[in-house]
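Engineer: Generate coordinates for the sequence data below:
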Amino acid sequence: MPRRQDLKGYIMSTWNTGQKSGKKAAIKIEGDEEAERGMLFSIFHLIQSLPQDDNISLTARGIHGFGYRGHVFWDTEIYALPFFIFTMPEDARRMLVYRYNNLDAARENARLNGYGGAQFPWESADDGREATPPMVPLDMRGENVVRIYTGEEEHHITADIAYTVDLYYRITGDEEFMEKYGLEMIFETARFWASRVRYDEEKGYVIERVIGPDEYHEHVNNSFFTNLMAKHNLQLGVKYFRESLERRAWRAVAEKLGIDEDEVQKWFDTAERIYLPPQVNGVYEEFDGYFDLTDYRVDPGDLGEARLPEDIRNNIGRTRLIKQADVIAAQFLLKDLFTLDTIRRNFDYYIIRTTHASSLSMPAYAIVASWLGEEALAYDYFIKCAYADLRNIYGNTQDGFHLATAGGVWQVLVRGFCGIDIEGDSLKIEPHLPVKWSSVTLRLFFRGAWLQLKVGHKEVVVEMLEGRVPVRIRAFGKVGILKPGNMVRLAP
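Structural biologist: Take a look at the predicted model:
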């Protein structure tokens, strides 16, 4: 990369040259140079931090600092990997193989904690064992320490990894990956959740003593996010087992693991009866007892804990304040399970009770805000995330680049503003572009084909650059069949 060439010039110069990173990942935003610069800055750092083999994955702060000591969190699968799956699928596969390479360590982790299957660690390093420190010193002498429970209780990461394995397959159709790696991860994580639940006569299957994405509230029972993702993980296990009955190579994986119809029926029954906290006026309770806590509200346009009164900061776990998207994150990931009205009710409730003290918070809220037509808020969050490190808005850029936020920025643009989603074997596009954007042009990989999309307010144009199989495109309630070498244009 030429040292004197600016970032935008470098990435955009590769648009038509065939250079790997630029050709696959470059994005053009017509009508908003600031947004385009921030987006390209995020993409550049994601690519720059890409691990080169499957012995390690994308770390929370990349190669830019010592924050989190190079550990791998759920940030990678949920926030960063979708970018790589759609633009650099071979690299995404390699990062998922990192998880598979540590599957035996995850099995051992589950066994040590008294569970079955595979329990992935909250913080992972090169050996795949739990790397979360139980204590963190607050001073150089170590006289003041804070107890860390996330390694013991933030179990949702196991379901998050299964979610992304399924997402990778749905986008790429990579049969070999599922046969060699993916199925085993999904089956073993389903086994974990089947052993993690406890049956309650009144509620059904409950999951006790966990920490959800929120993280202000520890040792909670029936986290909405955790329970819903666990349910989804079990359902994936059932789905792929049933598909394996029709595929010899897949069936061999289940047989190798000793999985039979009786075990899978147990997964099905557990998933059907997993308890989810109830709704009050359409709002899901984040966990058991959340609505009993002291209420406190914040300005959704601001972020962080410094704005809170001292007595609230010191007792934040006793309030309804949350650190980051939690219920909203679940509804973002599993959108099809909810009506837009339900998403709206939960968004309106939790947005004014979220501090956004975590850099993972605003991307999920921005995506949902775009779906709901909250353009000003979605755009504000998008820009803040795109410039999180350039402007050091969290005050800790010296600890490393916020890679999950960068992946989140890409998802806000793709899943939020462009409304791109997978619907069966179709690529679905529902534009929600900011008013000042004329269009977005980007390239994606889907089911063996490289596509170039130009998404406007009232028109979507998709061209197949490479590929041999037709792709179904949905937009504005219409369907177009995109054939190799051709173009589809859809409008209302």
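Engineer: where along the stretch 201-350 of the chain do the strands fall?
Structural biologist: 204-206, 279-280, 283-284 (DSSP state E, counting those that start in this stretch).
Engineer: So which of those strands has the densest surroundings on average?
Structural biologist: Burial of these is given as mean neighbour count (mean count of other CB atoms under 10 Å); strand 283-284 ranks first at a mean of 22. Every residue, glycine included, has its C-beta placed from N, CA and C.
Engineer: Mind listing residues that contact that one?
Structural biologist: Here strand 283-284 makes contact (CB atoms under 8 Å, 6 or more residues apart in numbering) with 224, 276, 277, 278, 327, 345, 346, 349, 350.
Engineer: tell me the contacts of residue 230?
Structural biologist: Residue 230 makes contact with 156, 159, 193, 196, 197, 207, 274 under the criterion CB under 8 Å, 6+ apart.
Engineer: And the fourth one, how close does it get to residue 207?
Structural biologist: Put plainly, it is residue 196. Residue 196 is 6 Å from residue 207, where distance means CB to CB, to the nearest Å.
Engineer: quick one: common contacting residues for these two?
Structural biologist: 155, 230.
Engineer: pull the longest helix from the protein.
Structural biologist: In the chain, taking DSSP state H as the definition, the longest helix is helix 224-244.
Engineer: picking up where we left off before, out of the strands of the stretch 201-350 of the chain, nearest to residue 92?
Structural biologist: Nearest to residue 92, of all these, is strand 283-284, at 30.8 Å by CB to CB.
Engineer: and that closest one, how far out from the chain's middle?
Structural biologist: In this view, strand 283-284 has its centroid 21 Å away from the chain centroid, taken as CA atoms, centre = their mean, to the nearest Å.
Engineer: Give me the pLDDT value at the nearest residue to residue 443 once chain neighbours are set aside.
Structural biologist: The shortest distance from residue 443 to any non-neighbouring residue, by CB to CB, 6 or more residues apart in numbering, is to residue 452 (5.1 Å). According to the prediction, residue 452 has pLDDT 97.
Engineer: what are the pairing partners of the helix or strand that contains residue 452, and which direction each?
Structural biologist: For residue 452, the host element (DSSP states H and E) is strand 449-456. Strand 449-456 has these partner strands in its sheet, going by DSSP bridges: strand 439-446 (antiparallel), strand 460-466 (antiparallel).
Engineer: next one: that strand to chain centre, how far?
Structural biologist: Computed by CA atoms, centre = their mean, the separation of strand 449-456 from the middle of its chain amounts to 22 Å.
Engineer: Just the buried residues of that strand, please?
Structural biologist: 449, 450, 451, 453, 454, 455, 456 (16 or more other CB atoms under 10 Å).
Engineer: Please look at the second one and residue 463 and confirm they touch.
Structural biologist: Think residue 450. No: with contacts counted by CB atoms under 8 Å, residue 450 stays clear of residue 463, the gap being 9.5 Å.
Engineer: sorry, back to before: of the contacts of residue 230, closest to residue 292?
Structural biologist: residue 207 (19.3 Å).
Engineer: Next up, the contacts around the closest one.
Structural biologist: By CB under 8 Å, 6+ apart, residue 207 lies in contact with 155, 196, 197, 198, 221, 222, 223, 226, 227, 230, 274.
Engineer: Filter those down to the buried ones, ChimeraX style.
Structural biologist: Buried subset of these, written as a ChimeraX selection, criterion 16+ other CB under 10 Å:
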select :155,196,197,221,222,223,226,227,230,274
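Engineer: any chance of the contacts of residue 207 in TSV, plus pLDDT and distance to residue 94?
Structural biologist: Shown next, in TSV, are these (pLDDT from 0 to 100; distance: CB to CB, whole Å):
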residue	pLDDT	distance to residue 94
155	98	25
196	98	29
197	98	33
198	98	37
221	98	37
222	98	36
223	98	31
226	98	28
227	98	31
230	98	27
274	98	33
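Engineer: quick one: which of the contacts of residue 207 is nearest residue 125?
Structural biologist: For these, the residue nearest residue 125 by CB to CB is residue 155; the value is 18.5 Å.
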